[in-house]
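Peer 1: sequence and predicted model, in that order:
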Amino acid sequence: MNGRPDRRKLIPPHLADSVLLSQLDGELSRSEAENARVHLESCWTCRRRLSLLESSIENFLDQRPPLQSNLSLDGEQRVRQFRERLARHAADSELTFAETLRAHSQSFVSALSAHRAAVLASVIATCVLAVMFTDVLGARVSADTLLAKVQTAENAQRPAAHQVTRRAVRLDRIDHHSEITRTLATFTSIEDPETSDTYLSSSGESAPATTVHRERFDGKSSAGTTVGLLDSQFPPSIAAYFASEHWLPTVTVEAFRELIRNRGLSNSSVKREAGAFVLLYPFAEGHPSGISAAQLRVDASNYTAMGLSVFLGSLENGIEYRFTPTSTSTETRTAEIARLFSPHEPVNSSLTRSLPAREPARVMPLSYTGTKATDQEVRLNAALHQADACMGEEIHVFPMSDGSLVVQGLVDRADRRDVIRKALQTVDQSERAQIFLPQELRSSAQLFNLPYSTPEISQPRLAGRQSAAVSGSQQVPLYEQLFQHFSKPGASKEETEQQINAFSEEAVNLSRESFLHAWALMKLDLEFSAQRSSELSAASVQELERMRQDHRRKIASIARRQSEMLAQAGVVPQGQFATVSIKNQDAETLLHLTREQNELVLALFTVSEATPETGTAVSRLANLLHRIGG
Amino acid sequence: MQRSSALHLAQAFALDSVGSNRTPALEGIVVELYATMRVPLLSYAYQVVGSQGDAEDLVQVAFLRLFDQLRRHEPIQNLRSWLYRVVHNLAIDSLRRQGKEDSALSEWALDRSSEGAPGSAEDHLIQRQQIAGSLQLLNVREKRCLILRAEGLSYKEIGEVLSISAKAVSVYLARGLKKFEVRDERSA
């Protein structure tokens, strides 16, 4: 012992090979890695050893790639083989039900144990939320959820445009104490969703047999009352409540909600009885109506309302007024139905009488189905035809519920509107024309629904915006052929391409025009079907035929022009097309043919991402033009 | 599909977070994973058993076991190390049945060293002898650790395959590489 410190203790020990390697592989913890880094910065020996390790690794790894590439040579075959083997294995070892059950329970238990804290927190949070935001004990959530489901089911049954819903409901009075049931009345309602008008009539033992009542529900107005219809069936307090709530005896969620809106309580309950949900909404004790509860029965299989009841007294021994739907249907709003809503024009029926008018009658558009075309309608259409307003401009002649006609539609420009109005004035200035410009429309509700069902064919891609044959570096599929045709000695490339563009644009515009003629032809067929046209004069029939032939002639003429263009440009051989004659193909066939014609021309003469197989497309177009034209 | 995405999808399934109970969907996932993981697993299996046919078979068997495991909803925390462990165990069982230890590695090394290396015939011969000599100095654990590490497995994953700790893996790897280094220097 000489008292000097041991030098070996002052020098940090060298890093072990395993630590050096772990440092290289990033396998050390952060603190271990930092210690190793600090040591390596000051230790030549360890840095040298690290370098040797790296070279050893490279030496070892260098031998591996050839092995992997050899083994991967027949990869696809092996994968196919394995897929078949696995399929056999899966089929041979189908799990039994018990095994499946065990597997799922294992999975559940394993997930539960792995995430015990999270699961527990979720359960607690769900319970807290349920208590905070729902009335679990009162089952309000269940009842309201069911109401929402019934509402969804009813919405799915809403009538289409120009249709109304007709319902019949039977009213029974059930005395639960004496167990006597008596049918009081049958109500028939006709609801028009476009106007929110409901026509209601009743017939029954105790009800006035000749009552027509008109009710308008716009959410704001309290116009109308049902007292005249219902007061003889119910105690005055209930009838007064119905009147104050503007309640109509229909079995719908909407009607039920109106009934319970001012019941003075918020609790509810739901129970299940023999394939039905029974939703019970009690009224506040001492409610002015005397009603103790309202109940809605819902079919558990399809969520449709099966019956609506109001109770007086207890549910077990009191009086129940039960409304049961006996039929529900939708039908076209005919002129006769539309007039039901008009107090000025009572229906000419021995069973009905009108109540005093409260508001002017609303004149509604009617669909072509169920109405007859008139000569005046033909004349208006002829005027629109003359002004080319049948060519893609959505202008229609609407038969109205008061027997008049309204020409309504939307055009792009004011000068175009002037042309159409002028054309209509030549027919009859008294006819109402509602031609809108887009900026004049406050909402789409200002436009009537189309008076016919749109045929199942969409309008083609309309060209013009995309008709450039040469756009930047892109070219149309027929560019080479067209360039060869239009290229003249001494002409520049730009000049030739301008000619190609003009040629292509004409081809595209002609196709579009052809389709619009076919569309106009189809519209004529829809508006003037054989059924609607039965009362037309011979002159009108002749006028209709003249318009139809006019469209056909133009379609054929376009087909001929396009055929000539293709032949002249050398796209198809000369003389392939016969002289075009007008074929009396039906409108629907022509519509499909011209649509395909339009699509093919767009594909061949405009720049698009989807490049067709040119030869096939040209051949199809040539055949199509032949079929259309003759 | 990239190896990583196939592995991630299968891993999600193995942890039961995909939620599909349909066997066809599971079959698809397993086949996809087989297609992407086959080569590295085969490489390892071949280096242990020394026969490509046997290696192919036992890798497929490993994936059939994977299918069964997933269908029973038995969770697998690390799919890659699980697959290597099953392949490893199957390979060891295969060797034991045949009554031999994994001499295939040395044969493989000799085969590999004769292919594709640039230089003269003398250089190839020298390199073959060096690698064969180095590999002969490695013990079984060192060899397997090196092969698995070369396949990209982490120390933890190698430890899971060979049922040893990550620390032990680092020691075996370092020892194995040291032997290569010694041979390298000696031959230099």
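Peer 2: Good, I have the coordinates.
Peer 1: center of chain A - which residue?
Peer 2: A:Ala156 (11.9 Å; Cα atoms, centre = their mean).
Peer 1: check the gap between it and A:Ser367 for me.
Peer 2: 21 Å (Cβ to Cβ, to the nearest Å). Bear in mind the C-beta positions are built from the backbone N, C-alpha and C, glycine included.
Peer 1: next one: B:Val161
Peer 2: When B:Val161 is compared with A:Ser367 (using Cβ to Cβ), they lie 76 Å apart.
Peer 1: who has more neighbours, those two?
Peer 2: More neighbours surround B:Val161 than the other of B:Val161 and A:Ser367, with 26 against 21 (other Cβ atoms under 10 Å in any protein chain shown).
Peer 1: now do the phi/psi pair for that one.
Peer 2: When read as degrees, to the nearest 10, the backbone of B:Val161 gives phi -70, psi -40.
Peer 1: quick one: residues contacting it.
Peer 2: Taking Cβ atoms under 8 Å, 6 or more residues apart in numbering or on different chains, we find B:Val161 in contact with B:81, B:84-85, B:88, B:144, B:148, B:153.
Peer 1: from the residues you listed, which is closest to A:Gly409?
Peer 2: Distance to A:Gly409, by Cβ to Cβ, is smallest for B:Ser81 among the contacts of B:Val161, at 71.9 Å.
Peer 1: which helices and strands sit right next to the longest helix along chain B?
Peer 2: Ordering each helix of chain B by length in residues (DSSP state H) puts helix B:23-49 first. Under the contact criterion of 3 or more Cβ pairs under 8 Å, 6 or more residues apart in numbering or on different chains; DSSP states H and E, helix B:23-49 touches helix A:65-71, helix A:75-92, helix B:3-14, helix B:52-71, helix B:79-98, helix B:104-113, helix B:140-150.
Peer 1: report the angle between it and helix B:79-98.
Peer 2: On the basis of axes from the mean of the first three to the mean of the last three Cα atoms, to 10 degrees, helix B:23-49 is oriented at 50 degrees to helix B:79-98.
Peer 1: which of the contacts of B:Val161 are buried?
Peer 2: Neighbour counting with 16 or more other Cβ atoms under 10 Å in any protein chain shown marks B:81, B:84-85, B:88, B:144, B:148, B:153 as buried within the contacts of B:Val161.
Peer 1: dump the helices and strands packed on helix B:23-49 into TSV; add distance to B:Ala166 as well.
Peer 2: Converted to TSV, these look like this (distance: least, Cβ to Cβ, whole Å):
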stretch	distance to B:Ala166
helix A:65-71	26
helix A:75-92	32
helix B:3-14	20
helix B:52-71	23
helix B:79-98	11
helix B:104-113	23
helix B:140-150	11
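Peer 1: for A:Ser178, find the nearest of those helices.
Peer 2: Nearest of the helices and strands packed on helix B:23-49 to A:Ser178, taken as Cβ to Cβ: helix B:52-71 at 64.9 Å.
Peer 1: mind listing what's buried along the helix or strand A:Ser329 falls within?
Peer 2: According to DSSP states H and E, A:Ser329 maps onto strand A:319-332. Neighbour counts over strand A:319-332 (16+ other Cβ under 10 Å) mark A:319-325, A:328, A:332 as buried.
Peer 1: which of those residues are close to chain B?
Peer 2: Among those, none lies close to chain B by the criterion of Cβ under 8 Å from any Cβ of the partner chain.
Peer 1: just these: which has the poorest pLDDT?
Peer 2: Within those, pLDDT reaches its minimum at A:Thr332, with 81.
Peer 1: roughly how far does A:Gln484 sit from chain B?
Peer 2: Between A:Gln484 and chain B the distance is 47 Å, computed by Cβ to the nearest Cβ, to the nearest Å.
Peer 1: same check on A:Gln23?
Peer 2: 10 Å.
Peer 1: in space, what's closest to that residue - neighbours in sequence excluded?
Peer 2: A:Ala36 (4.5 Å; Cβ to Cβ, 6 or more residues apart in numbering or on different chains).
Peer 1: next, the contact list for the one you found, please.
Peer 2: Here A:Ala36 is in contact with A:15, A:19-20, A:23, A:28 (Cβ under 8 Å, 6+ apart).
Peer 1: same list, those residues, but as a markdown table with pLDDT and neighbour count please.
Peer 2: Formatted as a markdown table, these follow (pLDDT from 0 to 100; neighbours: other Cβ atoms under 10 Å in any protein chain shown):
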| residue | pLDDT | neighbour count |
| --- | --- | --- |
| A:Leu15 | 86 | 21 |
| A:Val19 | 89 | 21 |
| A:Leu20 | 89 | 26 |
| A:Gln23 | 86 | 22 |
| A:Leu28 | 88 | 19 |
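Peer 1: who's in contact with A:Leu28?
Peer 2: A:19, A:22, A:36.
Peer 1: can you check A:Gln562 too?
Peer 2: A:Gln562 neighbours (Cβ under 8 Å, 6+ apart): A:507, A:510-511, A:597, A:601, A:625.
Peer 1: now do the buried residues in the longest helix along chain A.
Peer 2: Longest helix of chain A, by residue count under DSSP H: helix A:493-527. Residues of helix A:493-527 classed as buried: A:496-497, A:499-501, A:503-505, A:507-508, A:510-527 (neighbour count, 16+ other Cβ under 10 Å).
Peer 1: also stretch B:61-68?
Peer 2: Neighbour count says stretch B:61-68 has B:61-67 buried, by 16+ other Cβ under 10 Å.
Peer 1: name the nearest of those relative to chain A.
Peer 2: Using Cβ to the nearest Cβ, B:Leu64 comes nearest to chain A of these, at 5.2 Å.
Peer 1: residues touching the closest one, list them.
Peer 2: B:Leu64 neighbours (Cβ under 8 Å, 6+ apart): A:85-86, A:89.
Peer 1: please repeat the previous calculation with a cut-off of 10 Å.
Peer 2: Under the criterion of Cβ atoms under 10 Å, 6 or more residues apart in numbering or on different chains, the neighbours of B:Leu64 are A:82, A:85-86, A:88-90, A:93, B:30, B:34, B:86.
Peer 1: now, the most widely separated pair of those?
Peer 2: Largest pairwise distance in these, by Cβ to Cβ, is 19.7 Å, between A:Arg88 and B:Val86.
Peer 1: and those two? Which one has more around it.
Peer 2: A direct count of neighbours by other Cβ under 10 Å for A:Arg88 and B:Val86 places B:Val86 higher, at 21 against 11.
Peer 1: nearest spatial neighbour of the more buried one, chain-adjacent residues omitted?
Peer 2: B:Ala62 (4.3 Å).
Peer 1: what about the residue in the stretch 251-400 of chain A that chain B sits nearest to, neighbour count?
Peer 2: Proximity of the stretch 251-400 of chain A to chain B (Cβ to the nearest Cβ) peaks at A:Ser301, 27.4 Å away. Neighbour count for A:Ser301, taken as other Cβ under 10 Å: 8.
Peer 1: contacting residues around the residue nearest to it when sequence neighbours are not counted?
Peer 2: Excluding its sequence neighbours, the residue lying closest to A:Ser301 (Cβ to Cβ, 6+ apart) is A:Gly275, at 6.6 Å. By Cβ under 10 Å, 6+ apart, the contact set of A:Gly275 is A:299-301, A:306.
Peer 1: same thing but at 8 Å, please
Peer 2: Taking Cβ under 8 Å, 6+ apart, one finds A:299-301 in contact with A:Gly275.
Peer 1: got a markdown table for those residues, with pLDDT and secondary structure too?
Peer 2: What follows is the contacts of A:Gly275, written out as a markdown table (pLDDT from 0 to 100; DSSP: H, G, I helix; E, B strand; the rest coil):
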| residue | pLDDT | secondary structure |
| --- | --- | --- |
| A:Asp299 | 88 | strand |
| A:Ala300 | 82 | coil |
| A:Ser301 | 82 | coil |
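Peer 1: of these, which is the nearest to A:Leu424?
Peer 2: For the contacts of A:Gly275, the nearest to A:Leu424 is A:Asp299 (52.0 Å; Cβ to Cβ).
Peer 1: out of the contacts of A:Leu28, list just those in helices.
Peer 2: In this view, the contacts of A:Leu28 that belong to helices under DSSP H are A:19, A:22, A:36.
Peer 1: hang on, the earlier thing: averaged pLDDT, the longest helix of chain A. What do you get?
Peer 2: For helix A:493-527, the per-residue pLDDT averages 85.
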